[in-house]
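Predicted model and sequence below, questions to follow.
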Amino acid sequence: MIESIKEITTADSPDIELYRTLKRPQQHREQGLFVVEGDKVVKRFFESSLCAVSVLLIPELLDFYKPIFNNRPENIKVFTAKESLLKTIVGYRYHQGIMAVGIVPSAPSLERILADSSKPLILVALDRLESSENTGVIVRNCAANGVKAIIIGERSSDPFLRRAVRNSMGTLFKMPVIYSENLVSTLQHLRQAYHFQIIAAHPRAESQPIFSVDFCINSCIVLGNEGEGISPEILQQCTHEVQIPMAPHIDSLNVACASAVILYETMRQQLSKLPINSSLS
């Protein structure tokens, strides 16, 4: 519910310090907070079970959002500011008149995800991804194709960074995120203890085409760094290396685009084994 509503009249108001530091996303993350921006994404945030701290919006949107805020269990501080002031603070083209700050949820354990999910499971692991924009798009692709959880390697961009949240279009709020302190060990554990096949997205001539792999068994798809690909130590844990067949003289796709193609193939294979009118749960 709404704890308070306050009009902001100056850009240096201490009440909106979090919104003035949008270019320091790591600072937010260290505080256990994340920023949500844009009308659609904010609305999806408030439809989720994640906890909100505050909202900054233009007065014209307040009447629409008031019932949504008051329907929440937590206390929410609401700040309003004129559009011209918001442009000064954060840049209108990003937030579309509304932004919110939320609390990063506790990460579920890998064991809980494996126990609670129907089989076969598709997981995605990220190895040294640097771009938060790519990370956000990959989260969205995972949600669209029935991935049960995304595993973030110790050197990968966090999905709760601002640009990742925005590019996920709110799908992050329902996607389990597992943080691995040692991705090599996590993949080894999946392979040895749970009999997962570990599939490296590794575009080279020797790799299998994606449609030759059986994705109707438990699988973890590994996506690597935008420039260098998957690290050698991670490749050693992989049971398959796959590529996307392409036209001549094109050797690879952007990692986020590649994830969409590979994950669609996993869903296509699984749906082909289900009765007509069924869907992945």
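Sure thing, it's come through. Residues are numbered from 1 along each chain as shown.

what's the span of stretch 233-253 from first residue to last?
Across stretch 233-253, the terminal residues are separated by 23 Å (C-alpha to C-alpha, to the nearest Å).

now swap in stretch 209-223 and tell me
First-to-last residue span, stretch 209-223, C-alpha to C-alpha: 15 Å.

tell me how far that stretch is from the chain's mean position?
20 Å (C-alpha atoms, centre = their mean, to the nearest Å).

Make residue 1 into 6 and carry on from there
Happy to do that; since the first residue is 6 now, the last one works out to stretch 214-228.

any chance you could map the helices in the stretch 156-286 of the chain?
167-172, 188-199, 237-240, 260-277 (DSSP state H, counting those that start in this stretch).

Going along the chain, name the strands of this protein.
7-12, 38-42, 57-62, 81-85, 103-108, 127-131, 154-157, 182-184, 202-206, 213-214, 224-228, 245-248 (DSSP state E).

re earlier: mind putting the helices of the stretch 156-286 of the chain into TSV with mean pLDDT?
Putting these into TSV (pLDDT from 0 to 100) gives the following:
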stretch	mean pLDDT
helix 167-172	93
helix 188-199	98
helix 237-240	98
helix 260-277	96
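
Can you say which of those helices is packed in most?
Among the helices of the stretch 156-286 of the chain, helix 167-172 has the highest mean neighbour count (mean count of other C-beta atoms under 10 Å), at a mean of 23. For glycine as for every other residue, the C-beta is placed from the backbone atoms N, C-alpha and C.

Can you name the residues in contact with it?
27, 30, 33, 39-43, 46, 99, 137-142, 144-145, 162-164, 177 (C-beta atoms under 8 Å, 6 or more residues apart in numbering).

quick one: contacts for Gln242?
Counted by C-beta under 8 Å, 6+ apart, Gln242 has contacts 189, 192-193, 196, 203.

Report the separation between the closest residue to Thr271 other than its chain neighbours and Val247.
Excluding the flanking residues, the one nearest Thr271 by C-beta to C-beta, 6 or more residues apart in numbering is Phe220, at 4.1 Å. Going from Phe220 to Val247 by C-beta to C-beta, to the nearest Å gives 10 Å.

same deal with Glu231?
18 Å.

Settle it for me: which of those two has more neighbours?
Val247 (22 against 14; other C-beta atoms under 10 Å).

if I pick the more buried one, what's in contact with it?
204-207, 212-215, 218, 267.

Tell me which two in these are the farthest apart.
Ala205 and Pro214 (13.7 Å; C-beta to C-beta).

If you count surrounding residues, which of those two has more?
More neighbours surround Ala205 than the other of Ala205 and Pro214, with 26 against 11 (other C-beta under 10 Å).
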